[in-house]
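> Pasting a predicted model and its sequence here:
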Amino acid sequence: MRKSWWKILAAVLLIYTFTAGFLIKVPIIGNLKETIRNLFFHVPMWFGQIILLTTSLVYSILYLRKPDLRHDIYASSFAKTGILMGVLGLITGAIWATYTWGEPWSNDPKQIGVAIALLIYFAYLVLRNAITDIDKRAKISAVYNIFAYFIYLPLIMILPRLVESLHPGGKGVEGNPGLNGADLDATMRLVFWPAVIGWTLLGTWITTLNIRIYLIRDKNLLNAK
Amino acid sequence: MTKSILALLKKDLLLELRQQHSLYGILLYVASTIFVLYLSINNPEGEVWNGLFWIIQLFVCVNAVAKSFLQESKGRMLYFYTISGAKEFIIAKLIYNIILMLIMSLLSLGLFFILLKNPLGNTLQFIGIVCLGGISISLVFTLLAAIAAKAQQNAALMAIMGFPLIIPQLLLLIRLSKVAFGEIFREGALMQLSLLIVGLDLMVIALSIILFPFLWKD
């Protein structure tokens, strides 16, 4: 019970997100209308993705400091769940865009940005598969993960601010590229932040399951030392 | 430290001059690619010209830089390991790749002028941007070449890893080059873009120097 409180919290927060997210009164802004409810699903997924990828980065750094295969398993599992969150964010975004911008893909700078980001992390998986030696794979993919993260960050933080975008926070529009905090209605904020925590915890939960599978599979390797 | 960097750099340059087949190989690659472009697209518009130019730079860089690590055999790496540190080695490689890429960039620019005409409004400015771009692209691909070489993979893996990673810089460069075609930029935007590219370059240099020592030891 003491160890699984956060899993219960994740379930509770997500049930809250799904019920409150669909039931609360939302402000009607422009052509967003009721689709603004997607804010509780689409945006938290990107928050979750960045948090999971950052965790993956931390484990990659830890691996380079102290070569322990467990760190490698953690880093790759967090990156995989980060990719999953990214794909889900892209799909929810495409659904949202269909109803507000008229088409699922409109070559918006941020859509391009996330497509590139996914390519970068798919390359990480390809790189991992290309190397057969376990220690070598851990080291090289850790190096690539760190390098990729620091290029990925400017890609989503700086570039969207420089060009016109349909998203909030583009050139000439106030606010953060991810989310315009000032626009967020007080009642929406009550659902939004729990949703961010809920989706992130769910991502972590999926990751820990994945990690446990790998730890059992590589039991002999890990305990050999 | 400076001494061993210079010695390593000198070794790479000498090797390039003596094993001329690889240098001529890249030169021929540049020339034939641009010639194919000339045959397939006659007199492209400014925007097409600009896009094509940077894509060619990208491919030239993958080919030119890839071999900088792939050519070092395992025994030779072991030898370098005994005579110099990882930092000196990667700095020498970075400088060498910058020099190589600058030559290739300027050469391909010359060929573009001869074969595909010169649609530029401000040629000198574009040459400056090309130098900046050559440096940026070669920096990113140096570390990637090291990773690909360690993974014992060929240029295919480098392209898979490199193309997504180079897009931010490439987009910034294509955006910046539009100024040489006579596009008017917002006040200060030109400076901001250039500084952004320089900032990214500095970050890539720092990351290469920090991360390469981990790849170096086996």
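The structure has been received and is ready for your questions.
> Pull the contacting residues for the residue nearest the centre of chain B.
Nearest to the geometric centre of chain B sits B:Ser138, at 2.7 Å (Cα atoms, centre = their mean). B:Ser138 makes contact with B:61, B:64-65, B:94, B:97-98, B:100-101, according to Cβ atoms under 8 Å, 6 or more residues apart in numbering or on different chains. C-betas here are computed from N, CA, C, even on glycine.
> residues from chain B in reach of chain A?
B:140, B:143-144, B:147, B:150-153, B:157, B:160-161, B:163-165, B:167-168, B:171-172, B:175, B:192-193, B:196, B:200, B:203-204, B:207, B:211, B:214-215, B:218 (Cβ under 8 Å from any Cβ of the partner chain).
> Please indicate which of these are buried?
For the residues of chain B next to chain A, a burial check counting by 16 or more other Cβ atoms under 10 Å in any protein chain shown picks out B:140, B:143-144, B:147, B:150-151, B:153, B:157, B:160-161, B:163-165, B:167-168, B:171-172, B:175, B:193, B:196, B:200, B:204, B:207, B:211, B:214-215.
> Now intersect those with the helices, please.
B:140, B:143-144, B:147, B:150, B:157, B:160-161, B:163-165, B:167-168, B:171-172, B:175, B:193, B:196, B:200, B:204, B:207, B:211, B:214-215 (DSSP state H).
> Return the residues in contact with whichever residue of chain B sits closest to chain A.
Of all residues in chain B, B:Pro164 sits closest to chain A, at 3.8 Å by Cβ to the nearest Cβ. The neighbourhood of B:Pro164, defined by Cβ under 8 Å, 6+ apart, consists of A:116-117, A:119-120, A:123.
> which parts of chain A sit against chain B?
Neighbours of chain B within chain A, by Cβ under 8 Å from any Cβ: A:64, A:116-117, A:119-120, A:123, A:126-127, A:130-131, A:136, A:139-140, A:142-144, A:146-148, A:150-151, A:154-155, A:158-159, A:162.
> Which of those are buried? Put it as a PyMOL command.
Command for PyMOL, covering only those of the residues of chain A next to chain B found buried under the criterion 16+ other Cβ under 10 Å:
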select buried, chain A and resi 64+116+117+119+120+123+127+130+131+139+140+142+143+144+146+147+148+150+151+154+155+159+162
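> I'd like to know the average pLDDT value across the helix or strand where B:Gln57 lies.
Following DSSP states H and E, one finds B:Gln57 within helix B:46-70. Averaged over helix B:46-70, pLDDT sits at 85.
> Any buried residues in that helix, and which?
Neighbour-count burial for helix B:46-70 [16+ other Cβ under 10 Å]: B:46, B:49-50, B:52-54, B:56-58, B:60-70.
> How about the residue of chain A found nearest chain B: what's its closest non-neighbour residue?
Residue nearest to chain B within chain A: A:Leu119 (3.8 Å; Cβ to the nearest Cβ). Excluding the flanking residues, the one nearest A:Leu119 by Cβ to Cβ, 6 or more residues apart in numbering or on different chains is B:Pro164, at 3.8 Å.
> ok, that neighbour to B:Ile205 distance?
For B:Pro164, the distance to B:Ile205 (Cβ to Cβ, to the nearest Å) stands at 20 Å.
> A:Trp46 too?
When A:Trp46 is compared with B:Ile205 (using Cβ to Cβ), they lie 29 Å apart.
> neighbour-wise, which of those two wins?
Neighbours were counted for A:Trp46 and for B:Ile205 using other Cβ atoms under 10 Å in any protein chain shown; A:Trp46 has more, 24 against 17.
> thought B:Ala31 was touching B:Leu111?
Yes: assessed by Cβ atoms under 8 Å, B:Ala31 is found in contact with B:Leu111 at 6.4 Å.
> More neighbours: those two, which one.
Set B:Ala31 next to B:Leu111 and count neighbours by other Cβ under 10 Å: B:Leu111 wins out with 18 against 14.
> Quick check: closest non-adjacent residue to the more buried one.
For B:Leu111, the spatially nearest residue (Cβ to Cβ, 6+ apart) is B:Ile34, at 4.6 Å.
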